[in-house]
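**Q** quick one, fold the following:
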Amino acid sequence: MPSKPILFSIDVGSRVSGIAVFEDTTLLDWSLVKVPTSRDPVDRCLMMCSAIETIVEGVLEKIEGERTVTIAVEVPSGQNRPWARGLITLGMAVGMIIAYLTALGYRVVTVSTAKWTRLDSPRCLAKAVRAKKIEKVFPTYDPTNDKSLDGADAIGMGAYFLGLFGNKES
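**A** This is a model prediction of the structure:
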């Protein structure tokens with residue numbers, strides 16, 4: 001019997017990034033990476049890359065057997081709103097994380113915010129609405145530890161990528 005693929009979905013933020021881990025379509029775990037906003041943007045991005053590598057490597061050490069590993073990274077799109085601050089740092093973080101994980105030899109794919117945030121709806125859903133939907137679909141998600149809702153977004157993006165919401169991209 002072939003082993004099930006592993007997906008890490010990363011909702012990159014300029015301050016907090018969410019990471020979800022799936023085995024096939026089952027949510028295994030999720031976590032948050034927080035970096036201090038007092039640091040220079042480049043330092044913050046490097047800290048985030050290092051923390052994400054630590055999480056990915058830690059999860060993979062616990063998994064038995066050879067697995068196909070995919071890392072899906074959210075890329076901003078359609079965020080031309082006046083309140084969308086920190087997009088330069090966010091863009092730097094997305095680019096650095098993609099380059100960093102690719103250099104480590106992982107298969108890295110991108111997922112458009114404008115596509116996945118619909119979660120089977122005709123329009124993009126607000127972050128809080130998405131989080132409620134994620135909580136219903138994935139009972140292991142606990143929003144009490146996810147003030148920024150970036151963990152919910154990482155789970156939602158991974159679920160979309162796997163075809164659980166909308167079109168399958170993988």
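
**Q** just checking, what packs against the lowest-mean-pLDDT helix or strand in the chain?
**A** Between all helices and strands in the chain, the lowest mean by mean pLDDT, DSSP states H and E belongs to helix 87-103, at a mean of 84. Using 3 or more C-beta pairs under 8 Å, 6 or more residues apart in numbering; DSSP states H and E, the elements in contact with helix 87-103 are helix 41-62, strand 69-75, strand 107-112. C-beta: built from backbone N, CA, C; applies to glycine.

**Q** can you list contacts of the last one?
**A** Here strand 107-112 makes contact (C-beta atoms under 8 Å, 6 or more residues apart in numbering) with 9, 68-75, 77, 98, 101-102, 157, 160-161, 169-170.

**Q** can you pull the buried residues of the least confident helix or strand of the chain?
**A** Under the neighbour-count criterion of 16 or more other C-beta atoms under 10 Å, helix 87-103 has 89-94, 96-98, 100-101 buried.

**Q** pLDDT below threshold where in this structure?
**A** 1-2, 77-88, 166-170 (pLDDT under 70).

**Q** these two touch, right, residue 117 and residue 129?
**A** No: applying C-beta atoms under 8 Å, one finds residue 117 not in contact with residue 129, separated by 9.6 Å.

**Q** so residue 3 is in which element?
**A** Using DSSP states H and E, residue 3 sits in no helix or strand.

**Q** need the three-state assignment for the residue nearest to it when sequence neighbours are not counted.
**A** Using C-beta to C-beta, 6 or more residues apart in numbering and skipping residues adjacent in sequence, the residue nearest residue 3 is residue 65, 4.9 Å away. Secondary structure, DSSP: H, G, I helix; E, B strand; the rest coil: residue 65 is coil.

**Q** wait, residue 65 touches residue 5, no?
**A** No: shown here, residue 65 and residue 5 do not form a contact pair, counting by C-beta under 8 Å, at 11.5 Å.

**Q** what's around residue 150, how many residues?
**A** For residue 150, the count of nearby residues is 27 (other C-beta atoms under 10 Å).

**Q** in contact with it, which residues?
**A** 11, 13, 16-18, 32.

**Q** at 10 Å what do you get?
**A** With contacts defined as C-beta atoms under 10 Å, 6 or more residues apart in numbering, the neighbours of residue 150 are 10-13, 15-20, 30-34, 74, 127, 131.

**Q** now do residue 41
**A** With C-beta under 10 Å, 6+ apart, residue 41 has these contacts: 14, 35, 86, 88-93, 96.
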